[in-house]
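Asks: Here is the input, now give the coordinates:
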Amino acid sequence: MGVKSVAGGDGLSAEERFEHWRDLVGRTRVCDATSAHADRFTAQVRRVDLGPVALLGTSFPSARFRRDERMVRRSDEELYHLTLLTAGGQDLRRADDQRETFGVGDLTLVDSSSPYDVRCFGVDAPGRERSGAAGVGIDVPASLLPVPPHRVRALLGRRLSGREGTGALLAEFLLGLDRRAAGLTPAETCRLGTVVVDLVSAWIAGELDTDDVLPQDARQRAVVESVRAFVRRNLHDPGLTPPVVAAAHHLSVSHLHRLFTQYSHGETVAAFIRAQRMRKAHRDLADPALRTLPIQNIAARCGIPGASEFSRAFKAAHGLSPREHRRLALSGTESEAQAREWPRGAGGTRPGR
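Replies: Below is the predicted model:
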C-alpha cells in the first residue's frame, strides 16, 4: 500500500517523471501509455492494494492508453478495470465500432481480455486555466464477481452514470477510499476490498437487471454500505434516526437492526449515527477554514442543535469540550504554519518556540 507522487519539484526531469508515472500505472494496467505532455509532465499516482482488489487514483495533463491484441495474448490477468472520471474528459474505442465519450461523474468498465484505446484529456473552463484529467479506478479479478462474464460484456465500454442509484454509492465509496488511502491499516484494506467487490457486483447486477445472481451475503453487505453512506450524507438532519434510515431503504426497523449489527461487528445504527456525528464534529472543529464558525453552528452541521447536548456528547466521545478541542487543534495548526513561514537564516526565535 502507498501513495506515490510524481509531481514537479521532485528532482526528476519531465521525461523521467513521465516514465516513472507510466511504470506505476503499468503495474496495475498493462498497456502502452503515452502523452503529448511528456516533455513537461507532472502527475500524481496513488495505489492501494485492498486484498485482491487494487485502487488507483491519478491525475495528469493528458494521456493515451492502448491495449492491443498482442498484449492480450501475452498477458491477460482476467481483470475488470472500473474508472470514475473526476476531472477532464475521456474518449474510448473498443472493437471496430464502439466509441464513447465520457465526462466527470461517468463510470467506465473495460476488461483485460479485450483490446481498447482510451484518450484522457483536459478541458477548457471559462476564466480558468485548462484542467488536466483525473480519475479513481479499481481493478477487480473477474473470478470474484458473481455475474458471469458473458453478461458483464454488455456493459463494457459503455458510458455509465456515477451520479445516481448504486452507481452514485459506488462513486462516493471510491472517492472516500482514495482520500483516506494513506491512513488505512492492513486489516482495514482487506475488509474494504470485500466491500468494493460487493458494491461493484451490486452495481453491475443493477445495471443488467440481474439482482437474482447476487449471493445473499453480497446483497446484504451492499445494503449495509448504502445505509452507511445515507447516514454520512444526512448527518446535518436532527431527525436522522433508525426509523428514518429504515424507511429510506424500504426495510422494517427490526430488519435494519439485524442486518446492520450482523455486518458491523455488533454496532447498532443509532450508535453509528452518534459516532459519525462526533467524528464530523471533531474534524470540523479542527478545520482552520472553519475557525470563525461558531461552535453552535458546527453542532447544527452535525445534527445536534442543542448546545448543552452537543457539549455533553462531544466530551463523552473525545474526553474534552468542543471549545478545548478547537483551541488545542488550531493552536497546533498555527504553530506549524508559523514554523513553515519563518525564513531560513533569518535568525532570532521562531514564533511559538
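
Asks: send the alpha carbons of stretch 227-234 over as CSV?
Replies: Extracted as CSV, the C-alpha positions of stretch 227-234 are listed here (Å, rounded to 0.1, in the frame of the first residue of the first chain):
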residue,chain,number,x,y,z
VAL,A,227,-27.1,2.7,4.9
ARG,A,228,-23.7,3.9,6.0
ALA,A,229,-23.5,6.3,3.0
PHE,A,230,-27.0,7.6,3.7
VAL,A,231,-26.2,8.3,7.3
ARG,A,232,-23.0,10.2,6.3
ARG,A,233,-24.9,12.3,3.7
ASN,A,234,-27.6,13.3,6.3
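
Asks: and it, what's its mean pLDDT?
Replies: Stretch 227-234 shows a mean pLDDT of 90.

Asks: For it, give me every contacting residue.
Replies: 169, 172-173, 240, 245, 248-249, 256, 260, 269, 272-273, 276, 303 (CB atoms under 8 Å, 6 or more residues apart in numbering). For every residue, glycine as well, the C-beta is placed using N, CA and C.

Asks: now with 7 Å?
Replies: Residues from elsewhere that reach stretch 227-234, judged by CB atoms under 7 Å, 6 or more residues apart in numbering: 169, 172, 240, 245, 248-249, 260, 269, 272-273, 276.

Asks: now do stretch 72-91
Replies: Contacts for stretch 72-91 (CB under 7 Å, 6+ apart): 29-30, 59, 101-104, 106-115, 118-123, 131-143, 162, 171, 174, 200.

Asks: What of stretch 308-318?
Replies: Residues contacting stretch 308-318 (CB under 7 Å, 6+ apart): 278, 281-282, 299, 304, 321-322, 325.

Asks: And the next helix or strand past the one helix or strand residue 20 maps to?
Replies: Assigned by DSSP states H and E, residue 20 falls within helix 14-28. Sequence order places strand 32-34 as the next helix or strand after helix 14-28, per DSSP H and E.

Asks: Quick check: neighbours of that following strand in the sheet, parallel or antiparallel?
Replies: Using DSSP bridges, the strands paired with strand 32-34 are strand 63-67 (antiparallel).

Asks: what distance separates the partner strand from the middle of the whole chain?
Replies: How far strand 63-67 lies from its chain's middle: 23 Å, per CA atoms, centre = their mean, to the nearest Å.

Asks: Show me what counts as buried in it.
Replies: Buried residues in strand 63-67, counted by 16 or more other CB atoms under 10 Å: 63-65, 67.

Asks: Can you name the element that comes right after that strand?
Replies: Helices and strands here follow DSSP H and E; after strand 63-67, the next one along the chain is helix 69-74.

Asks: helices or strands up against the helix holding residue 20?
Replies: The contact analysis (3 or more CB pairs under 7 Å, 6 or more residues apart in numbering; DSSP states H and E) places helix 14-28 against strand 2-6, strand 32-34, strand 43-50, strand 53-60.

Asks: try 6 Å this time
Replies: Contacts defined by 3 or more CB pairs under 6 Å, 6 or more residues apart in numbering; DSSP states H and E place helix 14-28 against strand 2-6.

Asks: what is the mean pLDDT for the helix ranked longest in the chain?
Replies: For the chain, the longest helix by residue count, based on DSSP state H, is helix 186-208. Averaged across helix 186-208, pLDDT comes to 89.

Asks: tell me the angle it makes with strand 53-60.
Replies: If you take axes from the mean of the first three to the mean of the last three CA atoms, to 10 degrees, helix 186-208 sits at 80 degrees to strand 53-60.

Asks: for helix 186-208, which positions count as buried?
Replies: 189, 192-207.

Asks: now do stretch 262-273
Replies: Neighbour counts over stretch 262-273 (16+ other CB under 10 Å) mark 263, 269, 272-273 as buried.

Asks: Adding distance to residue 316, secondary structure and pLDDT as columns, could you present these in CSV?
Replies: Listed next are the buried residues of stretch 262-273 as CSV, based on distance: CB to CB, whole Å; DSSP: H, G, I helix; E, B strand; the rest coil; pLDDT from 0 to 100:
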residue, distance to residue 316, secondary structure, pLDDT
263, 26, coil, 89
269, 19, helix, 95
272, 16, helix, 95
273, 15, helix, 96
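
Asks: Compile the residues you listed into CSV and extend it with columns for distance to residue 71.
Replies: Below are these laid out as CSV (distance: CB to CB, whole Å):
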residue, distance to residue 71
263, 39
269, 47
272, 45
273, 48
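
Asks: list the contacts for residue 281?
Replies: 302, 314 (CB atoms under 6 Å, 6 or more residues apart in numbering).

Asks: Am I right that it sits in a helix?
Replies: Yes. Using DSSP: H, G, I helix; E, B strand; the rest coil, the assignment for residue 281 is a helix.

Asks: Could you measure from it over to residue 200?
Replies: 32 Å (CB to CB, to the nearest Å).

Asks: Repeat that for residue 150.
Replies: From residue 150 to residue 200 the distance is 17 Å (CB to CB).

Asks: which element is the most centrally placed residue in the chain on?
Replies: Centroid-nearest residue in the chain, with CA atoms, centre = their mean: residue 175, separated by 1.7 Å. Taking DSSP H and E as the criterion, residue 175 maps to helix 165-180.

Asks: Identify each buried residue in the helix or strand harbouring residue 232, please.
Replies: Applying DSSP H and E as the criterion places residue 232 in helix 216-233. Using 16+ other CB under 10 Å as the test for burial, helix 216-233 gives 218-229, 231.
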